[in-house]
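Participant: Below is the sequence, then the predicted model.
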Amino acid sequence: MRVLLSTYGSRGDVQPLAGLAVRLRELGAEVRVCAPADEEFTKLLAGVGVELVPVGPSARALTKAGPVPSTLPQRAAAVIASQLDAVTPAAEGCDVLVATGMISAAAGALSVAEKLGIPSVSVTFQQLTLPSADRPPLAYPGRPLPPEVTDNRALWDLDAQNVNALFGEALNTNRASIGLPPVDDVRDYVIGDRPWLATDPALDPWQETPDLDVVQTGAWFLRDERPLPDGLVAFLDAGEPPVYVGFGSMPLHGSKDPAQVAIEAVRAQGRRVLLGRGWADLSLIDDQDDCFAVGDVSHQALFGRVAAVVHHGGAGTTTTATRAGTPQVVVPQMADQPYWAGRVAELGIGAAHDGPTPAFESLSASLATALAPETRARATAVARTIRTDGATVAAKLLLDSIGRETPSVSA
């Protein structure tokens, strides 16, 4: 059995697919992953022995360039074209295709599956792109939702219109180039009849809706057994657990010296600081021995050894910190990150920072909440409810669907 996993986006889009790929291989499947060929993604997949098929330009370069609303349709056209170019040969002979990542990338990959007659499943790592009468949709850059409209169903109708305006021409032009008919509703095409939601039910509970048959598998973890670097271990062993500050794949547009703000706020709490450089390129501000900076390390090994995690609110980082039982401060930057910040606050396992730009006063207040003993106790309790078998569940569902007359995944 051959499975193709396709995505385009940040590490939060690639790492879960690596976790699924490992489980699929353990069950006897042949797996490859289509993803951006950024060095960290190449190393990540090579480290677990999974073939990477490069697609599109550098995701890091695209992210650091920042969102320019007027260029979204042009970017979408380029991303879809790159999907057709890379995914088509990679998908030849495959039994099923899994598509996730940016909506334009998923639309391109699903179009390839349609062209080749391969069953496919659409996956999301957050529920905010799945229509629900219980909440409004996310707004796209340059297309804010009208504040006077409060009915969620009306807002979801506007969302569909916005998706078509941004991505419809780009998708249909590329589909025509491979002999496929146009798509009338891009969002519904990408979601499909039975989308998968790869998030933890305790952290991200899905409310059943009559309009959509969602399969929630649990989050897809990749076991990260890398040992922590010796220098980092020595720093951790030298004193009380530090506060980790890292923003993953977020470049922090508009933030003024976020490392200095974070270090000063953490020091004011009487804590040591551990900086994760990430795509924001955070760096130390002085040579005091209460601070240490690291690059790409195993969060699974690290988060259990820190007092709190200050991060951007990506789904993967939020879930890993929750699983570790470590209090969090979420400084949301964009997209689904305010939602994860809200979930952390609602569960009592940390604090949601007000806005994307940390200041000394605001970050200090959030840290005080996260470092309180009752927050630690609550985080420890919630950690026991987090499932660790999501990738295994998904792998078994996927392989069980292969060969059925009517697959349980969306075709």
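Facilitator: Okay, I see it. Numbering: from 1, shown residues only.

Participant: Point out where the stretch 151-300 of the chain drops to low pLDDT.
Facilitator: 253-256 (pLDDT under 70).

Participant: residue ranges of the helices in it, please?
Facilitator: 152-163, 169-177, 186-191, 230-237, 258-268, 299-302 (DSSP state H, counting those that start in this stretch).

Participant: Of those, which is nearest residue 57?
Facilitator: When the helices of the stretch 151-300 of the chain are compared by Cβ to Cβ, helix 169-177 sits nearest residue 57, at 15.5 Å. Placement of C-beta: from N, CA and C, glycine included.

Participant: Just give me how far the closest one sits from the chain centre.
Facilitator: Computed by Cα atoms, centre = their mean, to the nearest Å, the chain-centroid distance of helix 169-177 equals 27 Å.

Participant: elements contacting it?
Facilitator: Judged by 3 or more Cβ pairs under 8 Å, 6 or more residues apart in numbering; DSSP states H and E, the packing partners of helix 169-177 are helix 72-91, helix 103-116.

Participant: what would these look like in a markdown table with mean pLDDT, distance to residue 402 and mean neighbour count?
Facilitator: Below are the helices and strands packed on helix 169-177 laid out as a markdown table (pLDDT from 0 to 100; distance: least, Cβ to Cβ, whole Å; neighbours: other Cβ atoms under 10 Å):
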| stretch | mean pLDDT | distance to residue 402 | mean neighbour count |
| --- | --- | --- | --- |
| helix 72-91 | 93 | 14 | 20 |
| helix 103-116 | 97 | 13 | 26 |
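
Participant: residues contacting residue 191?
Facilitator: 122, 129-131, 212, 410 (Cβ atoms under 8 Å, 6 or more residues apart in numbering).

Participant: let's see it at 6 Å
Facilitator: Residue 191 makes contacts with residue 122, as judged by Cβ atoms under 6 Å, 6 or more residues apart in numbering.

Participant: Mark out where each domain of the chain begins and ends.
Facilitator: Domain assignment for the chain by automatic domain parsing gives 2-221+388-401, 230-383.

Participant: was I right about residue 331 contacting residue 353?
Facilitator: Yes - taking Cβ atoms under 6 Å as the definition, residue 331 is a contact partner of residue 353 at 4.3 Å.

Participant: So for these two, which sits in the more crowded spot?
Facilitator: Between residue 331 and residue 353, residue 331 has the larger neighbour count (other Cβ atoms under 10 Å), namely 28 against 24.

Participant: Return the residues in contact with the more buried one.
Facilitator: 353, 358.

Participant: where does residue 330 fall, phi/psi-wise?
Facilitator: Dihedral pair for residue 330: phi -100, psi 120, per degrees, to the nearest 10.

Participant: One more: the one 3 residues further on?
Facilitator: In this entry, residue 333 is assigned phi and psi values of phi -100, psi -40 (degrees, to the nearest 10).

Participant: For the remainder of this discussion, apply numbering that starts at 44.
Facilitator: Fine by me, first position is 44 from now on; the one you just mentioned is residue 376.

Participant: Now do the contacts for it.
Facilitator: Neighbours of residue 376 in contact, by Cβ under 6 Å, 6+ apart: 293, 355, 399.

Participant: Could you rerun that using 8 Å?
Facilitator: Applying Cβ under 8 Å, 6+ apart to residue 376 gives the contacts 290, 293, 295-296, 355-356, 399.

Participant: for the helix or strand hosting residue 388, packing partners?
Facilitator: Using DSSP states H and E, residue 388 sits within helix 380-390. Helices and strands touching helix 380-390, by 3+ Cβ pairs under 8 Å, 6+ apart, are helix 358-367, strand 371-373, strand 393-395.

Participant: Residue 74 is in what secondary structure piece?
Facilitator: strand 73-78.

Participant: So which other helices or strands are in contact with that strand?
Facilitator: When contacts are defined as 3+ Cβ pairs under 8 Å, 6+ apart, strand 73-78 packs onto strand 45-49, helix 54-69, helix 82-90, strand 94-97, helix 115-134.

Participant: can you do 7 Å?
Facilitator: When contacts are defined as 3 or more Cβ pairs under 7 Å, 6 or more residues apart in numbering; DSSP states H and E, strand 73-78 packs onto strand 45-49, helix 54-69, strand 94-97, helix 115-134.

Participant: nearest spatial neighbour of residue 179, skipping sequence neighbours?
Facilitator: Spatial nearest neighbour of residue 179, excluding adjacent residues (Cβ to Cβ, 6 or more residues apart in numbering): residue 198 at 4.6 Å.

Participant: Isn't the one you found up against residue 178?
Facilitator: No - the pair residue 198 / residue 178 is not scored as a contact, 9.1 Å apart, by Cβ atoms under 7 Å.

Participant: what's the spacing between the residue nearest to residue 88 when sequence neighbours are not counted and residue 74?
Facilitator: In this structure, residue 88 finds its nearest non-sequential neighbour in residue 95, 4.5 Å apart by Cβ to Cβ, 6+ apart. As for residue 95, its distance to residue 74 is 11 Å (criterion: Cβ to Cβ, to the nearest Å).

Participant: neighbour count winner among these two?
Facilitator: Neighbours around residue 95 and residue 74, counted as other Cβ under 10 Å, are more numerous at residue 74. The numbers are 24 against 19.
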